[in-house]
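Asks: What would the 3D arrangement of this be:
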Amino acid sequence: MFGRWLGNRTNRAGRTGPLSAVPVPASAGVLSCRVLDPVNEPVRNAELVVSDAAGRKVVTGGTDPFGSFVTTVPAGDYRLAVSAEGFTPYRASATVGEGAHASLGDVMLQVAQPPALPEPGDWDLDPLHSSVAFTARHIGLARIHGRFNSFAGAIRVGERMEDSAMHVVIDAASIDTAVKMRDDHLRSGDFLDVDRFPTMEFYSDRFVHKGGSRWAISGGLTLHGVTRTVTLDTEYLGVGQGLEGETRVACRATTELHRDDFTITWQTMLARGIAAVGHSITIDLDIQVIPKS
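Replies: Here you go, the predicted structure:
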């Protein structure tokens, strides 16, 4: 059945089916598979890594909307790793011959058990094992990376995770991009205006489960004296134990802010109308929390 779906076995002398249009060097072959979920539906955007016998990555890519993955590789022995959000990773081996098509057929992924949720109660953000970072576009080319070095926060975990709440306070003056002149400018009235607005605050109002370990946490962010609703795209990493035996909960989250939404509108235009500082800022959070003492 899989041969009919993807085409017959191929060789240099004459290939038929959909793969007949794929150019294959004389010393290479084709490796393919189709990734399905437990009810035989294709898994789109699954991530695949093809490594050689020494463990070196040769090809990385993703499945198409039909769950298909096809690549050309030098003849040899390979290991294939397949991963997708909400599924248990899959691994397989394959040998690809010169001018041949090695098909792994239908790869069936199994649904992964989501990590255990934290116990209900009050938790404090651990600033020593957390980070609040950001990325901004500079002169239309490079990216500037920075962080805030001083922040605090708390989470109240409800009996249902959807009933939880979070509050985070960030010291605006603690902005750090590793360049003092730039940091002083960012603290000035042109940007954060830390003398008038010394803190940034986020109060959550909704925890929404998006499936697997993904959550959307929405709420009000107050920045530069303006409050706007933002949503944190959050990956819950689970519960663990610290070096001293303490319980820890970890997550990663990201969101994108637009400076104009918070009336931070300073701008200098370079030649050809290129903005010195981009209007969008990406926020990346790595958070660990511990039970409130």
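
Asks: Could you chop this protein up by domain?
Replies: 2-108, 121-291 (automatic domain parsing).

Asks: the helices in the stretch 101-250 of the chain, which residues?
Replies: Secondary structure of the stretch 101-250 of the chain by DSSP state H, counting those that start in this stretch: the helices cover 180-187.

Asks: pLDDT weak spots in it?
Replies: Along the stretch 101-250 of the chain, the model assigns pLDDT under 70 to residues 138-142.

Asks: how about the strands in it?
Replies: Ranges of strands within the stretch 101-250 of the chain are 101-108, 121-125, 131-138, 142-148, 151-157, 165-171, 175-176, 199-211, 214-223, 226-241, 247-258, based on DSSP state E, counting those that start in this stretch.

Asks: so can I have TSV of the ones you listed showing distance to Tyr90?
Replies: For every residue, glycine as well, the C-beta is placed using N, CA and C. Formatted as TSV, these follow (distance: least, Cβ to Cβ, whole Å):
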stretch	distance to Tyr90
strand 101-108	6
strand 121-125	34
strand 131-138	32
strand 142-148	34
strand 151-157	33
strand 165-171	35
strand 175-176	41
strand 199-211	19
strand 214-223	20
strand 226-241	20
strand 247-258	23
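
Asks: hmm, back to that, nearest to Pro114, out of the domains of the chain?
Replies: domain 121-291 (5.6 Å; Cβ to Cβ).

Asks: what's the distance between the closest one and the middle of its chain?
Replies: Offset of domain 121-291 from its chain centre (Cα atoms, centre = their mean, to the nearest Å): 15 Å.

Asks: end to end, how far does it reach?
Replies: End-to-end span of domain 121-291 (Cα to Cα, to the nearest Å): 8 Å.

Asks: about what we covered before: dump the strands of the stretch 101-250 of the chain into JSON lines; add mean neighbour count as well.
Replies: Listed next are the strands of the stretch 101-250 of the chain as JSON lines, based on neighbours: other Cβ atoms under 10 Å:
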{"stretch": "strand 101-108", "mean neighbour count": "18"}
{"stretch": "strand 121-125", "mean neighbour count": "16"}
{"stretch": "strand 131-138", "mean neighbour count": "17"}
{"stretch": "strand 142-148", "mean neighbour count": "15"}
{"stretch": "strand 151-157", "mean neighbour count": "19"}
{"stretch": "strand 165-171", "mean neighbour count": "18"}
{"stretch": "strand 175-176", "mean neighbour count": "18"}
{"stretch": "strand 199-211", "mean neighbour count": "16"}
{"stretch": "strand 214-223", "mean neighbour count": "18"}
{"stretch": "strand 226-241", "mean neighbour count": "15"}
{"stretch": "strand 247-258", "mean neighbour count": "17"}
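
Asks: how much space between the closest residue to His185 other than its chain neighbours and Met200?
Replies: Of all residues not flanking His185 in the chain, Phe191 sits nearest, at 6.8 Å (Cβ to Cβ, 6 or more residues apart in numbering). Using Cβ to Cβ, to the nearest Å, Phe191 is found at 12 Å from Met200.

Asks: Please apply the same query to Arg91.
Replies: The spacing between Arg91 and Met200, counted by Cβ to Cβ, is 43 Å.

Asks: Over to Val226?
Replies: 11 Å.

Asks: Asp171 now?
Replies: The value you get for Asp171 to Met200, if Cβ to Cβ is used, is 8 Å.

Asks: now Gly29
Replies: Counting by Cβ to Cβ, the gap from Gly29 to Met200 is 55 Å.

Asks: same deal with Asp52?
Replies: 47 Å.
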